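Trainee: For reference, the sequence and a predicted model appear below.
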Amino acid sequence: MNDTFLKACRGEKTDYTPVWIMRQAGRYLPEYLKVREKVDFLTLCKTPHLAAEVTIQPLDILRVDAAILFSDILIPLEPMGFKLQFSETKGPIIHNPVSTADDIKRLRNINPEEDLPFVIETIRILLKNISVPLIGFAGAPFTVATYLIEGGSSKNFLKTKRMLYQSTEDFLELMELITDNTIKYLLSQIKAGVHAIQLFDTWAGILTPYDFSKYSLPYIKRIISAIDHSVPIIYFAFNSSSLLDLIKNLSAEVIGIDWRIEISNAIKRLGKTACVQGNLDPCILFGDEELIKERVLRILKGAKKAKGHIFNLGHGILPETPVNKAIFMVETVHNLSMS
């Protein structure tokens, strides 16, 4: 197995900078769209041989250095008691969102092996068919909580913040339940054989630093502590430049960086012992090859003082992205980091 990605996670010397792309199995790939013609998104997540197929596609096409399990951060919600739908136009929809203490009490703890066997089976298929590390993942508790309270995506997260500030005990009870289930879910993925874990905190940036430290950070720490370095864990909080002074206290092996901050500045704030992941603006891939090369080189140079660096976009690749530009980016990272 090519373990360059894992070496970078641990801060070990590598021959080149490894690269993978968030949402690398997705709608920008014609091969993925052909699979999606057969099934809807949720069915795809629950069908192991198809989920494995689309996980492998970017490995063959882009030649990235890690695979990430094809799934979604909301997949564990159905066995908890939620009615989940993925709309092509509106994204995820929770038809019975949480708004009261009674709503929270009706939720249940999950048993991943029994409730989500398709995830475990997908991992088993992949481990037999890939030659790079496999990344498992879950949503961070606060991010998952926003979907459960809002009923889907939101612009201002009013329902979430209203519960947080007006019904704090209920909010914290929900966070406890999500955290317990997330720990079990991640440990089941690790037991099945994933080589690393990424914790996605898409909506961390909507919190003030004080609220993040009080209502979110303790639960992230609990998850990381439960994993206990059995595999490297990457913590990625989107729009989190204002939170880096808090995030640096996490014991995650790798901190993901979005594009809103120079990676060199992020490293200064996190410390030279930090391993980082990131952080090309996904829209750079709509530029010409000269621009892509220039920005890749800038990030590679900016990350030199980090203990370890994994190249990635600062968020997920966009569906409209030209595939040839994504291929060029991966090749450029490999070639420039070897020189």
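Mentor: Sure, I can see it.

Trainee: where's the residue nearest to F118 when sequence neighbours are not counted relative to F200, distance?
Mentor: Once flanking residues are discounted, F118 sits nearest to K46: 4.7 Å by CB to CB, 6 or more residues apart in numbering. From N, CA and C alone the C-beta is placed, and that goes for glycine too. Here K46 is placed at a distance of 20 Å from F200 (CB to CB, to the nearest Å).

Trainee: I110 too?
Mentor: 18 Å.

Trainee: again with E253
Mentor: Where F200 is concerned, E253 sits at a distance of 16 Å (CB to CB).

Trainee: likewise Y16?
Mentor: In this view, Y16 and F200 are 26 Å apart by CB to CB.

Trainee: higher neighbour count, K46 and F200?
Mentor: F200 (22 against 19; other CB atoms under 10 Å).

Trainee: chain center to stretch 118-136, what's the gap?
Mentor: What separates the centre of stretch 118-136 from the centre of its chain is 16 Å, taken as CA atoms, centre = their mean, to the nearest Å.

Trainee: How about stretch 34-44?
Mentor: Worked out by CA atoms, centre = their mean, stretch 34-44 lies 21 Å from the chain centre.

Trainee: Tell me where the stretch 51-200 of the chain has strands.
Mentor: 67-68, 84-87, 91-94, 134-139, 196-201 (DSSP state E, counting those that start in this stretch).

Trainee: what pLDDT does K90 get?
Mentor: Looking at K90, its pLDDT reads 84.

Trainee: ok, it - contacts?
Mentor: 152-153 (CB atoms under 8 Å, 6 or more residues apart in numbering).

Trainee: now swap in I104 and tell me
Mentor: By CB under 8 Å, 6+ apart, the contact set of I104 is 98, 170, 173-174, 177.

Trainee: ok, it to G81 distance?
Mentor: On the measure of CB to CB, I104 and G81 end up 10 Å apart.

Trainee: Then K184?
Mentor: Distance of K184 to G81, given as CB to CB: 15 Å.

Trainee: Equivalent analysis for R23, please.
Mentor: With CB to CB as the criterion, R23 and G81 are 28 Å apart.

Trainee: One more: A66?
Mentor: Taking CB to CB, one finds A66 at 33 Å from G81.

Trainee: which one of these two has more residues nearby?
Mentor: A66 (28 against 13).

Trainee: Angles on the backbone of that one, please.
Mentor: Main-chain torsions, A66, degrees, to the nearest 10: phi -150, psi 150.

Trainee: Could you double-check that it sits in contact with W20?
Mentor: Yes. A66 lies in contact with W20 (CB atoms under 8 Å); the separation is 4.2 Å.

Trainee: Quick check: neighbours shared by those two?
Mentor: In contact with both A66 and W20: 5, 135, using CB under 8 Å, 6+ apart.

Trainee: Beta-bridge partners for the residue positioned nearest the centre of the chain, please?
Mentor: The residue lying closest to the centre of the chain (CA atoms, centre = their mean) is F200, at 3.8 Å. Note on F200: beta-bridge partners G139, F236, judged by DSSP bridges.

Trainee: For it, list the residues it contacts.
Mentor: Neighbours of F200 in contact, by CB under 8 Å, 6+ apart: 73, 137-140, 143, 236.

Trainee: low-confidence ranges in the chain?
Mentor: By pLDDT under 70, the low-scoring segments of the chain are 339.

Trainee: what angle separates the lengthiest helix in it from strand 134-139?
Mentor: The single longest helix within the chain, with elements called by DSSP state H, is helix 168-192. Counting by axes from the mean of the first three to the mean of the last three CA atoms, to 10 degrees, helix 168-192 points 170 degrees away from the direction of strand 134-139.

Trainee: how much does helix 168-192 deviate in direction from strand 196-201?
Mentor: 160 degrees.

Trainee: what sits up against helix 168-192?
Mentor: Residues outside helix 168-192 that contact it (CB under 8 Å, 6+ apart): 69, 76, 80, 98, 100-101, 104, 107, 109-113, 116, 119-120, 123-124, 136, 138-142, 144-145, 148-149, 163-164, 197, 215-216, 219, 222-223, 226-227, 230-231.

Trainee: Among those, name the ones in helices.
Mentor: Those of the contacts of helix 168-192 lying in helices (DSSP H): 80, 101, 104, 112-113, 119-120, 123-124, 141-142, 144-145, 148-149, 163-164, 215, 219, 222-223, 226-227.
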